[in-house]
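*Asks:* mind looking at a prediction? Sequence and model below.
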Amino acid sequence: MNDRLSETMPDKSEFQATFNRLRAIFKPYARKLVVVHDTADNYYLDMPIIMKNKKPVFFGAVRKGKGYVSFHLMPVYGIPQLLEGISPELKKRMQGKSCFNFTSVDEKLFKELTALTKTGFAKFMSKEMLARLASYG
C-alpha cells in the first residue's frame, strides 16, 4: 500500500479497544439511565424520563463505525456551556454539536471526556433539567 493512502486510513485494529475504553466512561451511569443497546459495536443510553411526545431523552452512546469510534454526549448539546473549558485537542475531535470521534485510545482525552460526562450527567439529572426535558416534544 502506498504511504499516502495508509496515512489517511485508520488502523481499525484499535477500534475495539477504543470502543471498550469509551464505553467504560458511560458504565458508572448505567444504573441510573436506561441501557437501550449493549453490543460489541453500539452502547446506547437514554435518560429515565419520557418527553411529552412519549419518546425518551437520549443521553449518550458509543458506536464503532467504519472510519472511527464515535462518542455521543447529549448534555453538551443541551448545555453548550459545558464545552467552554474543553481543550483544543478534544475540540478537534468534535463532529457536530455532541459527537467526538476517535481511531485509537487517547487516555489524556478520555480523562477529559470522563470529567465532561460526569459534569454533564449531574447537570442533566438536576430537577430543573429533568423538568425542562420532560416538557419537550
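*Replies:* Now that the structure is in, tell me what you want to look at.
*Asks:* tell me how many other residues surround the closest residue to Gly120 other than its chain neighbours.
*Replies:* Residue nearest to Gly120 in three dimensions, not counting chain neighbours: Pro75, with 2.9 Å by C-beta to C-beta, 6 or more residues apart in numbering. For every residue, glycine as well, the C-beta is placed using N, CA and C. By other C-beta atoms under 10 Å, the residues close to Pro75 number 23.
*Asks:* any idea of the pLDDT on Pro75?
*Replies:* On the pLDDT scale, Pro75 is placed at 95.
*Asks:* next one: it relative to Met47, how far apart?
*Replies:* 10 Å (C-beta to C-beta, to the nearest Å).
*Asks:* now do the shared contacts for these two.
*Replies:* Common neighbours of Pro75 and Met47 (criterion: C-beta atoms under 8 Å, 6 or more residues apart in numbering): 59, 124.
*Asks:* right, and the residue nearest to Gly120 touches Lys118 too?
*Replies:* No. Between Pro75 and Lys118 there is no contact under C-beta atoms under 8 Å: 10.1 Å.
*Asks:* and the gap between the nearest residue to Leu33 once chain neighbours are set aside and Arg21?
*Replies:* Nearest residue to Leu33, sequence neighbours excluded (C-beta to C-beta, 6+ apart): Leu45, at 4.4 Å. According to C-beta to C-beta, Leu45 and Arg21 sit 16 Å apart.
*Asks:* Arg31 now?
*Replies:* 20 Å.
*Asks:* kindly report the same for Val76.
*Replies:* 19 Å.
*Asks:* next: Met51.
*Replies:* Distance from Met51 to Arg21, by C-beta to C-beta: 31 Å.
*Asks:* of those two, which one has the most company?
*Replies:* More crowded of Met51 and Arg21, by other C-beta under 10 Å: Arg21, with 20 against 14.
*Asks:* understood, closing this out.
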